[in-house]
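A.B. asks: Sequence and predicted structure below; questions after.
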Amino acid sequence: MNRDTGNFRPSFFLVLTEWLFTVFVGRRSEGAIFYIRFLVLLPLLLYLFIVGAQAAFG
């Protein structure tokens, strides 16, 4: 589907990842750079979340 037609409905995962990057990076990225940065930062964010949860409930 094309975003220009108005029929484009992004998946929840895409909306969530774009929102997370808007929050953490401050602006949206397009194309391969977006996915490369996401794949690099996602494990780091998950690790920090797990460590924080263990410290809070540990």
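C.D. replies: That came in fine, so what should we check first?
A.B. asks: so where do the helices sit in this protein?
C.D. replies: Taking DSSP state H as the test, the helices found in the chain are 12-24, 32-57.
A.B. asks: quick one: average confidence on the last one?
C.D. replies: What that stands for is helix 32-57. When pLDDT is averaged over helix 32-57, the result is 82.
A.B. asks: ditto for stretch 13-28
C.D. replies: 71.
A.B. asks: Mean neighbour count added to the helices of the chain, as JSON lines?
C.D. replies: To be clear about C-beta, it is placed using only N, CA and C from the backbone, and glycine gets the same treatment. Shown next, in JSON lines, are the helices of the chain (neighbours: other Cβ atoms under 10 Å):
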{"stretch": "helix 12-24", "mean neighbour count": "12"}
{"stretch": "helix 32-57", "mean neighbour count": "10"}
